[in-house]
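Engineer: Okay, predicted coordinates and the sequence, questions at the end:
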Amino acid sequence: MPRKGMRSICFNPKTTSLLSIPRQPRPTPALLTNRPSFSESTMEKIIESATEMITKWDPDSSTYARVTSLFYEDKREAMQFLKCVNGLQKAMHLLVSEDSASEKLIQAQNLMQIAMKRLQKEFYQILSMNRAHLDPESVSTRSSRSTRSSISDYEDDGEDDVRVAGDSITEVEEESSIAMADLKSIADCMISAGYAKECISIYKIIRKSIIDEGIYRLGVERFSNSQINKMDWEALDIKIKNWLDAVKIAMRTLFNGERILCDHVFASSDSIKESCFGDISKEGALILFSFPELVAKTKKSPPEKMFRVLGMYTAIAENWPEIESIFSHESISTVRLQALNSLVKLNESVRGMISDFESSIQKDSSKFLAPGGGIHPLTVQAMNYLSLLADYSNVLTDILADWPPPAKSSLPESYFDSPDSTDGPAPSITLHVTWLILVLLCKLDTKAKLYKDVSLSYLFLANNLQHVVSKVRTSNLQYLLGDEWINRHEAKVRQFAANYERVAWDQVVKSLPANPTAAIAPDQAKDYFTKFQSSFEQVCKQQRSCIVPDSKLRDYIKLSIERKLVAKYRELYDKHRLTVEGENNAGMVVRFSPGDVGNYLSELFFGKIEASGSGSRSSSSHRRHLRLKA
């Protein structure tokens with residue numbers, strides 16, 4: 001997303017309330033080993049120099065010091081201020097070892113308190129005034145962005161706009177680097193002086209407000225089980241889409257950027273940086289990663305829920321290395337545990353929905369007959385579902401890896417011992433998809449028996465199996481099932497088509513003589529013409545309502561019928577037509593030429609065609625209409 005996107009999400013001048021943090025006792029300065037020996041005059045110079053610098057910037061000493069930022073006013077003097085504080089701290093160590101009740105030590109302690117108050121003020125100002133420069137996106141990309149990627153988001157706006165945008169991005173990153181360096185310098189000084197609590201408190205207040213606001217603006221909300229279950233699917237679906245977009249941004253910029261910033265500012269103390277990051281990010285991260293678990297447990301199960309759940313599983317799985325890295329410390333292990341628990345629940349949800357899908361096919365008791373032996377709605381719905389599932393084959397491989405496959409006895413031996421299976425046992429996802437398609441085909445076989453016309457039963461099976469094979473060929477199912485599976489089932493389609501031809505057209509084929517060119521009597525020839533034309537008209541009338549939606553299968557069936565009929569009829573027509581024409585009413589006997597037979601066949605399998613005076617033009621228009629509907 002554009003750079004300004006995350007910044008607009010995460011940064012608003014509002015902040016949350018102060019967190020109550022138990023104040024740890026400041027450690028008593030210990031005597032430094034191998035410390036340089038200071039003369040009394042050197043000690044006095046250090047305290048005198050510190051007194052001058054610290055007093056100058058005491059917020060209570062002057063209006064100027066109260067309203068002016070040391071680090072923004074004069075960076076060189078700010079560094080000198082820190083140097084004075086560090087020198088004062090060393091002097092205090094020496095004074096403690098010599099005389100813990102000396103007036104100089106009391107003076108030094110008072111100066112240190114004033115200095116810490118000043119640094120506390122500076123730390124707050126830098127954090128609050130640089131909210132935009134310290135947004136997680138700027139921080140997470142600050143050190144890795146190249147010149148090219150700096151302007152890539154703006155490359156459509158023209159060269160001048162690109163240059164301006166690139167300069168702007170560079171300026172933002174420079175400001176981010178300066179602010180981070182200043183924060184680290186102050187934090188190092190305050191932690192070293194024993195004022196870690198004051199520093200941490202300010203940091204947590206401001207940075208937690210940024211994380212919480214960022215999560216909210218990404219559209220991620222805290223929900224309970226009852227709230228999710230009361231939500232209708234359309235509303236829940238919107239929440240899931242928001243979450244899928246949000247988790248990418250949250251992991252790549254929001255939490256990643258905060259992790260980088262926290263590690264940098266508090267680099268001097270592992271315990272402090274882990275404590276800070278945990279307190280800042282834990283609540284928002286738990287809200288983010290608890291949502292998928294709630295979705296997985298909801299009782300709503302529309303078909304599209306499967307693909308939302310798979311999307312959420314994929315999002316967590318793909319971000320798992322970042323989740324483990326960013327939330328690596330034991331203090332925030334609950335975040336990793338929540339993300340893992342959501343994965344487990346999503347896994348269980350997917351398996352449950354696959355079982356429900358299989359059960360819905362097996363329990364389908366609809367008596368609906370697809371008109372003309374066409375494609376049944378169950379076939380369309382099931383194959384659409386399975387082809388979409390195949391798009392998630394990688395993640396499904398993980399989900400189904402340890403799920404027991406269907407019992408081998410439930411499937412034909414060929415499903416397990418196909419010639420393509422040279423790399424060992426088939427993956428679990430392949431076995432489950434194979435099984436689900438077999439369950440569908442078995443159900444279709446049952447539905448085919450509902451047709452009273454046996455030829456329609458075979459045509460129904462051919463059409464529906466062809467739809468299954470076509471869906472496999474044109475989706476990622478082809479990579480799961482393989483060419484051998486496709487070839488085997490295409491052969492079954494041709495077998496069903498052959499059975500249809502045999503049952504539907506056998507009487508027409510048998511009405512022709514075995515040898516049409518043999519010499520026969522005129523009466524016998526007339527009888528052949530009459531029988532053929534009568535049976536052909538009758539079968540065409542019966543088959544006119546038949547539908548073959550797949551163009552390749554339609555052409556295959558028509559060509560097969562033509563090879564059986566037209567060539568043989570042409571021989572009879574050419575050899576015996578003149579003989580029959582010598583009889584009375586010859587025109588009533590030989591009504592069809594071979595071309596007429598071919599034309600009749602070409603009009604079949606588009607559905608019922610109403611009679612029309614416009615002849616072939618009407619038929620052609622009707623075919624186009626049916627193709628569009630299909």
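Structural biologist: The structure has been received and is ready for your questions. Residues are numbered from 1 along each chain as shown.
Engineer: shaky segments in this protein?
Structural biologist: The chain contains residues with pLDDT under 70 at 1-41, 98-101, 141-170, 172, 407-426, 580-588, 608-630.
Engineer: Need the phi and psi values for the residue lying closest to Lys121 once chain neighbours are set aside.
Structural biologist: Of all residues beyond its chain neighbours, the one nearest Lys121 is Pro59 (6.1 Å), with distances taken as C-beta to C-beta, 6 or more residues apart in numbering. Quick note: C-beta positions are derived from backbone N, CA and C, even for glycine. For Pro59, the backbone dihedrals (degrees, to the nearest 10) come out as phi -60, psi -20.
Engineer: Contacts only, for Pro59.
Structural biologist: Pro59 sits next to 65-66, 117-118, 121 when contact means C-beta atoms under 8 Å, 6 or more residues apart in numbering.
Engineer: cool, Ala285 as well?
Structural biologist: Ala285 touches 250, 255, 327, 332, 335, 338, counting by C-beta under 8 Å, 6+ apart.
Engineer: and with 7 Å instead?
Structural biologist: Counting by C-beta atoms under 7 Å, 6 or more residues apart in numbering, Ala285 touches 255, 327, 335.
Engineer: Please convert these to JSON lines, extending it with secondary structure, distance to Thr579 and neighbour count.
Structural biologist: Formatted as JSON lines, the contacts of Ala285 follow (DSSP: H, G, I helix; E, B strand; the rest coil; distance: C-beta to C-beta, whole Å; neighbours: other C-beta atoms under 10 Å):
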{"residue": "Phe255", "secondary structure": "helix", "distance to Thr579": "93", "neighbour count": "28"}
{"residue": "Phe327", "secondary structure": "coil", "distance to Thr579": "95", "neighbour count": "24"}
{"residue": "Val335", "secondary structure": "helix", "distance to Thr579": "94", "neighbour count": "25"}
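Engineer: Any chance of CSV for the residues you listed, columns distance to Ser275?
Structural biologist: Converted to CSV, those look like this (distance: C-beta to C-beta, whole Å):
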residue, distance to Ser275
Phe255, 16
Phe327, 14
Val335, 15
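Engineer: isn't Asp182 right next to Leu70, touching?
Structural biologist: No. If you go by C-beta atoms under 7 Å, Asp182 and Leu70 don't touch, sitting 10.0 Å apart.
Engineer: and Met180, how many neighbours?
Structural biologist: 21 (other C-beta atoms under 10 Å).
Engineer: my guess is it contacts His264, does it?
Structural biologist: Yes. Using C-beta under 7 Å, Met180 is in contact with His264, at 5.5 Å.
Engineer: hmm, back to that, among the contacts of Pro59, which lie within helices?
Structural biologist: When the contacts of Pro59 are checked against helices (DSSP state H), the matches are 65-66, 117-118, 121.
Engineer: Most neighbours among those residues, which one is it?
Structural biologist: Arg118 (22 neighbours).
Engineer: Let me see the contact set for that residue.
Structural biologist: Arg118 neighbours (C-beta under 7 Å, 6+ apart): 57-59, 70.
Engineer: Name the nearest residue to Lys531, ignoring sequence neighbours.
Structural biologist: Distances taken as C-beta to C-beta, 6+ apart put Ser511 closest to Lys531, at 4.2 Å, once the chain neighbours are dropped.
Engineer: Quick one: the helices in the stretch 501-630 of the chain, in order.
Structural biologist: Counting by DSSP state H, counting those that start in this stretch, the stretch 501-630 of the chain has helices at residues 522-543, 551-581, 586-589, 594-602, 616-629.
Engineer: In terms of secondary structure, what does the second one contact?
Structural biologist: The elements that helix 551-581 packs onto, with contact taken as 3 or more C-beta pairs under 7 Å, 6 or more residues apart in numbering; DSSP states H and E, are helix 477-510, helix 522-543, helix 594-602.
Engineer: Give me the buried positions along it.
Structural biologist: Across helix 551-581, burial judged by 16 or more other C-beta atoms under 10 Å covers 553-554, 556-558, 560-562, 564-566, 568-573, 575-576, 579-580.
Engineer: before we move on, what about the fourth one?
Structural biologist: Within helix 594-602, the residues scored as buried using 16+ other C-beta under 10 Å are 594, 597-598, 600-602.
Engineer: Residues contacting that helix, please?
Structural biologist: By C-beta under 7 Å, 6+ apart, the residues outside helix 594-602 that reach it are 536, 540, 558, 561-562, 565-566, 569-570, 573.
Engineer: Take those and lay them out in a markdown table including distance to Gln524.
Structural biologist: Converted to a markdown table, the contacts of helix 594-602 look like this (distance: C-beta to C-beta, whole Å):
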| residue | distance to Gln524 |
| --- | --- |
| Phe536 | 18 |
| Cys540 | 24 |
| Lys558 | 30 |
| Ile561 | 25 |
| Glu562 | 25 |
| Leu565 | 20 |
| Val566 | 21 |
| Tyr569 | 16 |
| Arg570 | 18 |
| Tyr573 | 15 |
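Engineer: Check those and tell me the two furthest apart.
Structural biologist: Lys558 and Tyr573 (19.6 Å; C-beta to C-beta).
Engineer: Find the nearest non-adjacent residue to Met43, please.
Structural biologist: Per C-beta to C-beta, 6+ apart, closest to Met43 is Ala91, 5.6 Å.
Engineer: Now do the contacts for the one you found.
Structural biologist: Contact partners of Ala91, counting by C-beta under 7 Å, 6+ apart, are 43, 46-47, 108.
Engineer: With adjacent residues omitted, what lies nearest to the residue nearest to the spatial centre of the chain?
Structural biologist: The residue lying closest to the centre of the chain (C-alpha atoms, centre = their mean) is Gly311, at 3.9 Å. Nearest residue to Gly311 in three dimensions, chain neighbours excluded: Leu244, at 5.5 Å (C-beta to C-beta, 6+ apart).
Engineer: With Met383 instead?
Structural biologist: Leaving aside its sequence neighbours, Met383 sits nearest to Lys471 (C-beta to C-beta, 6+ apart; 4.1 Å).
Engineer: Check Glu322 too.
Structural biologist: Met251 (5.0 Å).
Engineer: Can you verify the one you found is assigned to a helix?
Structural biologist: Yes. Using DSSP: H, G, I helix; E, B strand; the rest coil, the assignment for Met251 is a helix.
Engineer: my read: it touches Trp320, true?
Structural biologist: No. Assessed by C-beta under 7 Å, Met251 is found out of contact with Trp320, at 9.8 Å.
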